[in-house]
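Asks: Need a 3D model of the sequence below.
(2 chains)
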Amino acid sequence: MNPPTTTQQGVAVQVRGLRRNFGPQEVLKGIDLEVMPGEIFVIMGPSGSGKSVLLRHLIGLEQPDAGEILINGESIESPEVANKYRLAMVFQSGALLNSLTVGENVGLYLKEHKLKSPDEIARIVAEKLEVVGLKDTEAKMPNELSGGMKKRAAIARALVIEPQLILYDEPTSELDPLSSVVVGEEILKLNERIGVTSVVVSHDRDLAFGIAHRIAVIHEGNIVALGAPEEVKRSRHPIIRDFLHADFKHERPNL
Amino acid sequence: MFQNIGEMVLLFWRTIRALPLTWRQRDKVFDQFFEIGNASLLMVAVLSFFIGGVLTLQTGPTMVERGLSNYVSGIVGFSVARELAPIMMAILIAGRIGSAMAAEIGSMRVYQEIDALRTMNINPINYLVLPRLVAIALALPMLVTFSILVAWLGGAVVAWATTEIDIPIQSFFENLKTMVELKDVAHGVLKSFCFAWIVGIVACHQGLITRGGPRGIGRSVTKAVVNAIVLIVIFDFVLTRLFIVLGNAGILK
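Replies: Predicted structure coming up:
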């Protein structure tokens, strides 16, 4: 396991004819899309539309039944890709290792790949935790953190990798509006600072239209809209209109 | 079931191939080793003392009655070293440590921690399975050696303290020395080394294939313990037969 070799920031991601079934259920029905280097690409859609499954394919956690995913033109299934490019994912739950402290979690990549000395790892961990607003939390265990703090710690863990592609799975779910804005700003800042390609899966409309360069809307395993936020907003596709303008229609009885 | 066996053989092979990386994982091996020893030592001592004692109680009075008191320690020592200590300790460790391994790895699987490791290009076999297997393969033979000694002591104390047997502790050990050889202890320890791999592989495999939530974790823990015990008993027979065949052929004396 050698450390990744490329120094350039932001990789291109191509998805070609991606199909995936779980038993008889067809979850992805031939997805085609392209994410440009340095782009923030948001995949939106209702729950159960297949967007998280698509995200897991993008980093090689799932194998497709048909189709391929290319990172800078190389298949994600090639072992070379993991050694050549720095890829990271922020899971919906954070997925911090519960047996390690926050500091150990954040420094895990550097320690396991023996990339830095212990002193240097401690310095980098403190720096990344400060970036996400979690200064002096190194010694805490993950179960001592709130949902929002766990997500920010997971972002710090991803930052340590200095990723060229970072995937976020529902980064604002279970967060209050204020924390959602903080996380959204972190995604933007990271993209501006190191030019990382970001793919964000979310059904949070505010987040998507606040940070995305382009948005894809996925419904029942198909992409039903793809374009800049304004284009998606203007779409007359009934599913998109329903999704973007969903609101309470219940009328309170006059008391 | 057959698919599971295939997957376990593959996991075993991958762990063997990762063995050269053990030194890099030495901190984790030590942690696991400490966990196994710390969690089991007192239990092993109590269990072994009473196994030795009860074996003496079962055999002693009848043998003394027939004028075979010189053989009591031999029978107790021989059966403990070759059979009872390795199999009882393996079952104990399957219940105590195998279940904990399956639960820990299973919960890491369910809560996406293993996926997180994979996205960081950290191989879960090197990081999770290797240290646990090396630790259990080192710890179980040591625990079995300790167990044999404590069981002998238990047998000696019971033989001395029971009026129907009444063999002095010194005579018990002198007779034991003439009947039980070092190779008998070695057979038991060698068996326990194989059992350690069975417990470790079954537990780690069940952890890695865990699906679902807490119920899935519970199912994996139960399967890890039950499957390990079944395999231990089957392999106990196979290894005993193998040792006899090798002994007769003069290869293992």
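Asks: Only C-alpha atoms from now on, for both contacts and neighbour counts.
Replies: OK.
Asks: how about the residues of chain B near chain A?
Replies: Residues of chain B lying near chain A by CA under 8 Å from any CA of the partner chain: B:108, B:111-113, B:115-116, B:118-122.
Asks: make it 7 Å
Replies: Residues of chain B lying close to chain A (CA under 7 Å from any CA of the partner chain) are B:111-113, B:115-116, B:119-121.
Asks: Going by neighbour count, which of the residues you listed comes out on top?
Replies: Highest neighbour count within the residues of chain B next to chain A: B:Ala116, with 25 neighbours (other CA atoms under 10 Å in any protein chain shown).
Asks: What distance do you get for that one to A:Val90?
Replies: Separation of B:Ala116 from A:Val90 (CA to CA, to the nearest Å) stands at 8 Å.
Asks: Can you classify A:Ile69 as helix, strand or coil?
Replies: The three-state label given to A:Ile69 by DSSP: H, G, I helix; E, B strand; the rest coil is strand.
Asks: Kindly state the pLDDT recorded for the residue of the stretch 1-150 of chain B found nearest chain A?
Replies: Proximity to chain A, evaluated over the stretch 1-150 of chain B using CA to the nearest CA, is greatest for B:Glu113 at 5.0 Å. B:Glu113 is assigned a predicted lDDT (pLDDT) of 94.
Asks: quick one, what contacts it?
Replies: By CA atoms under 7 Å, 6 or more residues apart in numbering or on different chains, the contact list for B:Glu113 reads A:95-97.
Asks: of the residues you listed, list those near chain B.
Replies: With the criterion set as CA under 7 Å from any CA, the members of those near chain B are A:95-97.
Asks: residue closest to the middle of the chain?
Replies: The chain I'm using is chain A. In chain A, the residue lying closest to the centroid (CA atoms, centre = their mean) is A:Tyr168, at 1.3 Å.
Asks: switch to chain B, that's the one I care about
Replies: Geometric centre of chain B, nearest residue: B:Ala90, 2.7 Å, by CA atoms, centre = their mean.
Asks: pretty sure it contacts B:Phe195?
Replies: Yes - using CA atoms under 7 Å, B:Ala90 is in contact with B:Phe195, at 6.1 Å.
Asks: quick revisit: that's a helix at the residue nearest to the centre of chain B, yeah?
Replies: Yes - when three-state DSSP is applied, B:Ala90 is found to be in a helix.
Asks: Okay, now the unreliable bits of the stretch 151-255 of chain A?
Replies: For the stretch 151-255 of chain A, the stretches with pLDDT under 70 are A:249-250, A:254-255.
Asks: For it, which segments are assigned as helices?
Replies: Under the criterion DSSP state H, counting those that start in this stretch, helices of the stretch 151-255 of chain A are mapped to A:177-194, A:205-211, A:229-234, A:238-244.
Asks: of all those, which lies closest to chain B?
Replies: Counting by CA to the nearest CA, chain B lies closest to helix A:177-194 out of those; the figure is 18.3 Å.
Asks: in the closest one, what counts as buried?
Replies: A:179-188, A:190-191 (16 or more other CA atoms under 10 Å in any protein chain shown).
Asks: related to what we said a few turns ago, adding secondary structure and distance to A:Glu80, write the residues of chain B next to chain A out as a markdown table.
Replies: Below are those laid out as a markdown table (DSSP: H, G, I helix; E, B strand; the rest coil; distance: CA to CA, whole Å):
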| residue | secondary structure | distance to A:Glu80 |
| --- | --- | --- |
| B:Tyr111 | coil | 27 |
| B:Gln112 | coil | 24 |
| B:Glu113 | helix | 23 |
| B:Asp115 | helix | 19 |
| B:Ala116 | helix | 19 |
| B:Thr119 | helix | 14 |
| B:Met120 | coil | 14 |
| B:Asn121 | coil | 11 |
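Asks: Verify the stated contact: the residue nearest to the centre of chain A with A:Thr197.
Replies: No - the criterion here is CA under 7 Å, and A:Tyr168 misses it with A:Thr197 at 11.0 Å.
Asks: re the thing from before, quick one: residues contacting the residue nearest to the centre of chain A.
Replies: A:89-91, A:199-201.
Asks: any idea how far B:Val134 is from it?
Replies: Counting by CA to CA, the gap from A:Tyr168 to B:Val134 is 36 Å.
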